[in-house]
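Engineer: Quick one, fold the following:
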Amino acid sequence: MIAGTDPLILGVESSCDETAAALVTSGRAVRANIIASQHDLHRKFGGIVPEIASRAHVESILPVMDQALEAAGASPDDIDAVAVGNRPGLIGSLLVGVSAAKALAWALDRPLIGVNHVQAHLYAAALDAEPIEYPALGLVVSGGHTNLYAIHSPLHMQRLGRTIDDAVGEAYDKVAAILHLGFPGGPVLDRLAQQGDAAAVRFPRTLLDATSLDFSYSGLKTAVLYHVRGKPQGRGSGATFPRDADALSDDQKAAVAAAFQAAAIDVLIAKLQRAMEGLSAQGDRPRSVVIGGGVSANSLLRQRVAEFGHTHQITVRIPDLAYCLDNAAMIAGLAHHRLADHRVDDLTLPAIATTES
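Structural biologist: Have a look, this model is predicted:
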């Protein structure tokens, strides 16, 4: 980065089923944010099909970049750096975005910056907003990840815990499928839960051992399945599931949705509490709590995190709804700090499906 300049960074995102491009200055000012969703392509399958996702990215990647430039009133020559989410994600999807970003960076002779998609979710709360106060306690909640972090700066994030099986967003989609709510299920289930009595059904809260900061949602998902279908009658080969969601009344479905949501979010808040206590005991008390990922759009989670912040007298940072789902603005925003710290990549930048950070 040249001293005294405010670089315009093009961000590219294709880690899962959204093809996105954005233009961001100063790390926080979003000039354009374009997203091409694939929900209609995957809905009939009840989930994301990787091969379909990668092919759709190929069709959409150049149009979304063109649309971002047009929306920002910019030309390719105005771009100062190209950033791309290169990890983690579906490998076929990642390769499309990484290849496009490499080609553009090479053609324009601009710096190329690889960005961790999950960590970018924890930066999304700074977009079109004030800078995040550090140190912070971070929670990523999405369809693929449920991770807890101690955040010391935009470029220094220490993972404290992660899911050992299902991510919370995946559990939302699976429970929505059990209730025949369609795909993607999270928003529909959230709305249905607001109409239900969470106290009508009791589902387990899996906290693992007394000090663990990891998450587990497979048991909760299975408990919902057993409740909806009815527990197996008897044992052995004669056991049956006598019903499915169609046998439930609207009120019963709403109660199941509300009870599931209450249990899922109780676990998230409990882990935030444990992490808060642990970091404070180490003399590293967070000044803010930061939430990111698609599930950060959930109404009950936003309410409960606001209450958590009030209880602990710390700032709560949750992204604007436009930046909760996968987007390229968060990629470009975090890349601003990597560029300022001279952390740039070359054309050997790989697409990486999994990562430990």
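Engineer: Helices of the stretch 1-150 of the chain, start to end?
Structural biologist: Using DSSP state H, counting those that start in this stretch, the helices assigned to the stretch 1-150 of the chain run over residues 39-42, 50-72, 91-108, 117-121.
Engineer: what does the stretch 151-300 of the chain give?
Structural biologist: Counting by DSSP H, counting those that start in this stretch, the helices of the stretch 151-300 of the chain are 168-178, 186-193, 218-229, 250-281, 299-312.
Engineer: of all the helices of the stretch 1-150 of the chain, which gets the most neighbours per residue?
Structural biologist: Mean neighbour count, computed with mean count of other C-beta atoms under 10 Å, is highest for helix 117-121 among these, reaching a mean of 27. Just so you know, the C-beta spots here come from the backbone N, C-alpha and C atoms, and that holds for glycine as well.
Engineer: neighbouring contacts of it?
Structural biologist: 13, 15, 85-89, 140, 142, 145, 147, 149, 157, 292-293, 296, 326, 330-331, 333-334, 355, 357 (C-beta atoms under 8 Å, 6 or more residues apart in numbering).
Engineer: what bits of this protein have low per-residue confidence?
Structural biologist: Applying pLDDT under 70 to the chain flags residues 1-5, 232-242.
Engineer: Could you chop it up by domain?
Structural biologist: When the chain is parsed with automatic domain parsing, its domains come out as 8-129+323-340, 136-319.
Engineer: who wins for proximity to Ser153 among the helices of the stretch 151-300 of the chain?
Structural biologist: helix 250-281 (15.1 Å; C-beta to C-beta).
Engineer: list the helices and strands the closest one packs on?
Structural biologist: Secondary-structure packing of helix 250-281 (3 or more C-beta pairs under 8 Å, 6 or more residues apart in numbering; DSSP states H and E): strand 136-141, strand 146-153, strand 156-161, helix 168-178, helix 186-193, helix 218-229, helix 299-312.
Engineer: okay, the domains of the chain, which one's buried deepest?
Structural biologist: domain 8-129+323-340 (a mean of 22).
Engineer: For stretch 149-169, C-alpha coordinates in PDB please.
Structural biologist: C-alpha atoms of stretch 149-169 as PDB (Å, rounded to 0.1, in the frame of the first residue of the first chain):
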ATOM      1  CA  TYR A 149     -12.300 -17.000  18.700                       C
ATOM      2  CA  ALA A 150     -10.200 -14.700  20.800                       C
ATOM      3  CA  ILE A 151      -9.600 -11.800  18.400                       C
ATOM      4  CA  HIS A 152      -6.600  -9.600  19.200                       C
ATOM      5  CA  SER A 153      -6.700  -7.600  15.900                       C
ATOM      6  CA  PRO A 154      -8.100  -8.100  12.400                       C
ATOM      7  CA  LEU A 155      -5.100 -10.200  11.500                       C
ATOM      8  CA  HIS A 156      -4.700 -12.100  14.800                       C
ATOM      9  CA  MET A 157      -7.500 -14.500  15.600                       C
ATOM     10  CA  GLN A 158      -7.000 -17.500  18.000                       C
ATOM     11  CA  ARG A 159      -9.600 -20.200  17.600                       C
ATOM     12  CA  LEU A 160     -10.900 -21.400  21.100                       C
ATOM     13  CA  GLY A 161     -13.500 -23.900  20.000                       C
ATOM     14  CA  ARG A 162     -15.300 -25.400  17.000                       C
ATOM     15  CA  THR A 163     -18.000 -27.900  16.200                       C
ATOM     16  CA  ILE A 164     -17.100 -31.500  16.600                       C
ATOM     17  CA  ASP A 165     -19.900 -32.600  14.300                       C
ATOM     18  CA  ASP A 166     -22.700 -30.500  12.800                       C
ATOM     19  CA  ALA A 167     -22.500 -26.700  12.500                       C
ATOM     20  CA  VAL A 168     -25.400 -24.800  13.900                       C
ATOM     21  CA  GLY A 169     -26.500 -23.600  10.500                       C
END
